[in-house]
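Novice: Sequence and computational prediction follow.
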Amino acid sequence: MKKEIQTANSSLAVDKVSLSFGKILVINNVSFQVYEGEILSIIGPNGAGKTSLLNCLSGFYQPDSGRITYKGQEITKIPIHRRASLGIGRTFQGLQLFPGMTVINNIMSGRHILMKTNFLQAFLHWPWVHREEIAHREVVEEIIDFLEMEAIRHELVGNLGYGLRKRVDLARALALEPKILIMDEPMAGMNMEEKEDMARFIIDIEEFKSIPIILVEHDMEVVMDISNRIMVLDWGNVIAEGKPEEIRTNPAVIKAYLGDADEEVNHY
Amino acid sequence: MWRPSGLFHVNYSQEIAFVQTPFQWVMLVLGLFVTFALPLFIPLDALNFFIKAFITITAVLGLTLLTGNCGQISLGHTAFMAVGAFVGAPLLNQGVPLILCLIMAGLAGGIVGLIFGLPALRIKGFYLAFATLAAFYVIRFILIHYFGGVVGHNVPPPSILGFSFNSDFRIYYLIASTCFAMTYFTKNITRCKWGRAFIAIRDHDIAANTLGVNVYFYKLMAFFIGCFYAGVAGLVLSIYMGWASVDHYSLTNCIWYLGMIIVGGMHSISGAYLGVFFILGIEEMGIVIAPKLAELFPQLAGSMIGAVPIIFVGLVLVLFIMIEPRGLVHRWEIIKTSIRIFPFSN
């Protein structure tokens, strides 16, 4: 099932990025590449700096040093909202949805950058605006179809359960037609069935839309099953990188997750 | 959101249409007919109540967009109304056509609103509320000292195509039409990407930002649009009063506008209508009851008359925040649903 990834086609490249909050070094000189058409998982114990790294990619944090390039263009310092139009989609760890809107409108808001209506046109609701709304609605319906959410499309997101909300989050990120998808713990807090659905969706996205996916996830079973490549962070450092089967047996990774006897003593 | 059973949209166009069912068409036409026939049947003081209500609705619709939809609290709304009046009144005096004056008043209110909305780029919630409160006093100060505020401007009765709005009876038509036009515009804003961007910013600004919504730009545009409504409402009020003076645009009104959107339902257009009529109704009731209470408690009489309406409104606000924080419009939805599913409702 796992295909070979062409390492020549780099989509996103992180070059020697460091980030610190005060004196705490969160990310230390991390470099990696994401290749076209792969699922790259970033794993690591709690506090390893995974989410901070993703936040650097999304622009919430500015790295202290280093460069992030996306398709050859440097994006380290560009504003957050411009990254969407470059094609960087992002889903969130928690529930960063718009609870006051229906599922349809949440996903429609993902198409914001693709809609051209200006202020005056919006005010007068020109026929052109109407046509644009409908054209985008059709695309949104395809996404709803893809993620199997037909039954809940008119529900307020605030009334949905946790698993479905995560799905809406994914749909919203897909709506902006991303060229790369960054997913922060898409399976956190889900039950087995929801996890299986989500894993299936991730594989489908990678397959049908052939976009690279960066995945941060704690569930090792899922990570080992669906990733093409895994990168392991610990205390802000990359301690291992490679195919799932290599990571599984890597002594440094096992040590980072389980610790060893000497370190136990040092900690306490 | 929820449709009566048996009503299905067969295309996406129907779903975003302004009027969606034949029943709504009937109600719309009937409603417009009643509104425009109303002055023929009701006494003048009742007419004044409706004039006041429609002016307030125009202003409150702006606040619905700004506070209800975009989540930016503004305590300076009446100040932006005053700006609209103080720009529109001199223009009317110079014989500029009424429609143009209304647009200019709106734009002036909007631009000033945009400037005083700048703090919203950095601060939220309470802090923003206080920044806009400061805006209220700054604008008031500027209007009084540099634009002849205490005396104000005389506003001549405007006219469209020779039809002069020179009595309350005639002004009613101007005000109702303005209010309905602005309602339609509000609906238009909320049903396209702008409305979604506003709600996205209210609900989760960081997520909105990652979706490519330029949060700064849209916050400022929310201020511009919200204050555009204020500007138009301000000029319309000064036309009704025949005079533009800062005293017509008090801080109390501004806080009551916020109360109205809370009582009606923050984010919806019908919420603005319900809230305005409800609060103004309560106020009128207070005014009617106050003299009777004063007869019962003669020792309080002096202060009672003025205080009773305010106490009533305050009480209503507290009760709404406690019992129905989502406003009358939510209660209305519940009632509608229970009628629709009648034998099974409780």
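Specialist: Cool, the structure landed. Values in this document were obtained by computation on a predicted structure and should not be read as measured data.
Novice: quick one, what contacts the residue in the stretch 151-300 of chain B that chain A sits nearest to?
Specialist: Chain A sits closest to residue B:212 of the stretch 151-300 of chain B, with a gap of 3.0 Å, by Cβ to the nearest Cβ. C-betas here are computed from N, CA, C, even on glycine. Counting by Cβ atoms under 8 Å, 6 or more residues apart in numbering or on different chains, residue B:212 makes contact with A:81, A:82, A:83, A:84, A:85, A:112, A:113, A:176.
Novice: Chain neighbours aside, what residue packs nearest to it?
Specialist: Distances taken as Cβ to Cβ, 6 or more residues apart in numbering or on different chains put residue A:84 closest to residue B:212, at 3.0 Å, once the chain neighbours are dropped.
Novice: The strand or helix carrying the one you found: which residues count as buried?
Specialist: In this assignment (DSSP states H and E), residue A:84 forms part of helix A:80-86. Across helix A:80-86, burial judged by 16 or more other Cβ atoms under 10 Å in any protein chain shown covers A:80, A:81, A:83, A:84, A:86.
Novice: Mark out where each domain of the chain begins and ends.
Specialist: Chain wasn't specified; assuming chain A. A:10-87+A:178-268, A:98-177 (automatic domain parsing).
Novice: Correction: the question concerned chain B.
Specialist: B:43-249, B:250-346.
Novice: Comparing those by mean pLDDT, which bottoms out?
Specialist: For the domains of chain B, the weakest mean pLDDT is recorded on domain B:250-346, namely a mean of 85.
Novice: is any part of that domain close to chain A?
Specialist: Yes: judged by Cβ under 8 Å from any Cβ of the partner chain, domain B:250-346 and chain A are in contact via residue B:267.
Novice: and the helix holding residue A:84, what does it pack onto?
Specialist: helix B:205-210 (3 or more Cβ pairs under 8 Å, 6 or more residues apart in numbering or on different chains; DSSP states H and E).
Novice: Helix or strand next in line after the helix it packs on, which one?
Specialist: helix B:215-241.
Novice: Now do that next one: distance to the chain's middle.
Specialist: With Cα atoms, centre = their mean, to the nearest Å as the basis, helix B:215-241 stands 10 Å off its chain's centre.
Novice: just checking, what packs against it?
Specialist: Partner elements for helix B:215-241 (3+ Cβ pairs under 8 Å, 6+ apart): helix B:44-63, helix B:77-93, helix B:98-116, helix B:168-190, helix B:193-203, helix B:205-210.
Novice: For the ones you listed, give me JSON lines that also has distance to residue A:250 and mean neighbour count.
Specialist: Output for the helices and strands packed on helix B:215-241, formatted as JSON lines (distance: least, Cβ to Cβ, whole Å; neighbours: other Cβ atoms under 10 Å in any protein chain shown):
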{"stretch": "helix B:44-63", "distance to residue A:250": "59", "mean neighbour count": "22"}
{"stretch": "helix B:77-93", "distance to residue A:250": "62", "mean neighbour count": "28"}
{"stretch": "helix B:98-116", "distance to residue A:250": "56", "mean neighbour count": "22"}
{"stretch": "helix B:168-190", "distance to residue A:250": "54", "mean neighbour count": "19"}
{"stretch": "helix B:193-203", "distance to residue A:250": "42", "mean neighbour count": "25"}
{"stretch": "helix B:205-210", "distance to residue A:250": "33", "mean neighbour count": "22"}
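Novice: Format these as JSON lines; extra columns: distance to chain A.
Specialist: Listed next are the helices and strands packed on helix B:215-241 as JSON lines, based on distance: least, Cβ to the nearest Cβ, whole Å:
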{"stretch": "helix B:44-63", "distance to chain A": "13"}
{"stretch": "helix B:77-93", "distance to chain A": "17"}
{"stretch": "helix B:98-116", "distance to chain A": "11"}
{"stretch": "helix B:168-190", "distance to chain A": "4"}
{"stretch": "helix B:193-203", "distance to chain A": "4"}
{"stretch": "helix B:205-210", "distance to chain A": "4"}
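Novice: Serialize the ones you listed to JSON lines and add fields for distance to residue B:308.
Specialist: As requested, the helices and strands packed on helix B:215-241 are arranged in JSON lines below (distance: least, Cβ to Cβ, whole Å):
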{"stretch": "helix B:44-63", "distance to residue B:308": "17"}
{"stretch": "helix B:77-93", "distance to residue B:308": "22"}
{"stretch": "helix B:98-116", "distance to residue B:308": "32"}
{"stretch": "helix B:168-190", "distance to residue B:308": "26"}
{"stretch": "helix B:193-203", "distance to residue B:308": "35"}
{"stretch": "helix B:205-210", "distance to residue B:308": "41"}
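Novice: Under the pLDDT cut-off, which ranges of chain A? List them.
Specialist: Applying pLDDT under 70 to chain A flags residues A:1-8, A:260-268.
Novice: Helices along that one, start to end?
Specialist: Secondary structure of chain A (DSSP state H): helices at A:50-58, A:80-86, A:103-110, A:119-124, A:127-146, A:162-175, A:192-204, A:220-226, A:244-249, A:251-258, A:261-267.
Novice: Single out the most deeply packed of those.
Specialist: helix A:103-110 (a mean of 27; mean count of other Cβ atoms under 10 Å in any protein chain shown).
Novice: Could you confirm whether it reaches chain B?
Specialist: Yes: judged by Cβ under 8 Å from any Cβ, helix A:103-110 and chain B are in contact via A:105, A:108, A:109, A:110.
Novice: Not counting its neighbours along the chain, what's nearest residue B:200?
Specialist: Closest to residue B:200 by Cβ to Cβ, 6+ apart is residue B:208, at 3.7 Å.
Novice: so what's the one you found up against?
Specialist: A:98, A:109, B:197, B:200, B:201, B:215, B:218.
Novice: Could you pull up the residues touching residue 235?
Specialist: Just going to use chain A. A:28, A:47, A:48, A:49.
Novice: you looked at the wrong chain, it should be chain B
Specialist: Residue B:235 touches B:84, B:85, B:87, B:88, B:89, B:92, B:101, B:102, B:105, B:106, counting by Cβ under 8 Å, 6+ apart.
Novice: wait, which of those residues is closest to residue A:17?
Specialist: Nearest to residue A:17 among these: residue B:106, at 48.0 Å, using Cβ to Cβ.
Novice: Thought residue B:85 was touching that closest one, still the case?
Specialist: No: with contact defined as Cβ atoms under 8 Å, residue B:106 and residue B:85 do not form a contacting pair (11.3 Å).
Novice: Can you measure across stretch B:58-72, start residue to end residue?
Specialist: Stretch B:58-72 has an end-to-end distance of 18 Å (criterion: Cα to Cα, to the nearest Å).
Novice: Three-state assignment for residue B:74, please.
Specialist: Classification of residue B:74 by DSSP: H, G, I helix; E, B strand; the rest coil places it in coil.
Novice: excluding its backbone neighbours, what's nearest it?
Specialist: residue B:132 (4.6 Å).
Novice: So that neighbour sits against residue B:67, correct?
Specialist: No: using Cβ under 8 Å, residue B:132 is not in contact with residue B:67; the gap is 10.1 Å.
Novice: residues shared between the contacts of the two?
Specialist: B:73, B:74.
Novice: Can I get the domains of chain B in CSV including distance to residue A:43?
Specialist: Rendered in CSV, the data for the domains of chain B read as follows (distance: least, Cβ to Cβ, whole Å):
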stretch, distance to residue A:43
domain B:43-249, 23
domain B:250-346, 41
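Novice: OK, contacts around residue B:44?
Specialist: B:168, B:169.
Novice: Sweet, I'm off.
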